[in-house]
Every structure is written in C-alpha cells, then in structure tokens.
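Undergrad: here you go, sequence then predicted model.
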Amino acid sequence: MKQKCNVLFLCWANSARSIMAEALLRELGGNKFGAYSAGIQPATNVHPLALAQLDPHVTSDQRMRPASWHLYARPEAPKMDLIIAMCEQSGALSPTLFPGDPMFCRWNFPDPVEKHGTDADQARAFEQVFRQILRRISVFVALPLHSMKPAETVAAIDGMHTMNQAGPFAA
C-alpha cells in the first residue's frame, strides 16, 4: 500500500455513520490517511445527532456534508485504496465502479437515524453507534497496512465486526 491510504466510507444517506467514520479517521489517522465519505442516496444535511457526537471528539473545522458516491466513481476522482461499506445497501456496490483497484470491506452498523422512541432513545442509539465506529477506527489506524497483503488487510478489517457483540442499540 502506498504511503497515504485513501479510504472511502459508504453508507445509504451519508448523514450519520459514514460521516462519523470519515471525521474520526481524519482525526485519529493523521497524515497516514485520506478520509472520505459518500452515500447511495445522500441526505440533504448531516444529522444533528451525528454532529453532536463528533463535536467533543473532533478538532477539525472541515465542514461535513453528505456527498454522492458518484463523485468518487469519476475517472478524475481521488483513487481509493480502501472502500468500507457501513451498511448492507452500500455493500452491494462493486469496487470495480471506482477508479484504481480498491479493496472493499464491510462494517455493517445499525442506522441510528431509524431508531424510534424518545429523543433520549435516539441520542443513545447515536452514541452507541459512534462508540462502535470509534473503536473500529482506533484499531484500524493501528494496523500495519503497509506490510499487509491485500487479502490480509480485507480479512483484518472485515473481522472487526466481532468488536461489537452487544447488539444494535444495547443499553
């Protein structure tokens, strides 16, 4: 893998999970990573509860906004080394749709936007998914990617799903 690893986080609306992953990778990965995110059907805005989770943890003042995956499928787009699908729907895209030869991994997280109940219930759902993403990103940035073969990289990243055994939206 080259010196700087470009990572694209894909999700359905690009308003919560993928945005949180992008911001956390940018924060924790330093100059080792280029962090991007996009959605299959991008939302108009980032969900305010996603921004609330990021606010105390992210120092970057870069404005987060939903984007379409099509931006990264263009020939002139930055070439991705790794694409991480954050939900089942985005996992259906093929890495061949993107320039270069990116590795494709899956981190399926429950969508906290779909959590129904009180405002407190929804805030807890966002917090839980944020913490799960934070744990995975923390482990991901510590991987020796430059010395790993592509199959080892994909296996290690895909295998991180075992880190979240509590189940979706557990208390």
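TA: It's in.
Undergrad: pLDDT weak spots in the chain?
TA: 1-2, 61, 162-171 (pLDDT under 70).
Undergrad: would you map the helices across it?
TA: Using DSSP state H, the helices of the chain run over 17-29, 48-54, 119-142, 150-158.
Undergrad: which stretch among those helices comes nearest residue 100?
TA: Comparing those against residue 100 with CB to CB, the closest turns out to be helix 150-158 (12.3 Å). Any C-beta I mention is one placed from the backbone N, CA and C, and that applies to glycine too.
Undergrad: what comes into contact with that closest one?
TA: With CB atoms under 8 Å, 6 or more residues apart in numbering as the test, helix 150-158 has contacts from 1, 82, 84, 103-107, 140, 143, 145, 148.
Undergrad: could you rerun that using 6 Å?
TA: 103, 105-106, 143 (CB atoms under 6 Å, 6 or more residues apart in numbering).
Undergrad: residue with max distance from the center of the chain?
TA: residue 118 (26.1 Å; CA atoms, centre = their mean).
Undergrad: sorry, back to before: separate out the buried members of the contacts of helix 150-158.
TA: Among these, those classed as buried by 16 or more other CB atoms under 10 Å are 103, 105-106.
Undergrad: picking up where we left off before, and the contacts of helix 150-158 as a markdown table, adding distance to residue 33?
TA: Converted to a markdown table, those look like this (distance: CB to CB, whole Å):
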| residue | distance to residue 33 |
| --- | --- |
| 103 | 14 |
| 105 | 14 |
| 106 | 19 |
| 143 | 11 |
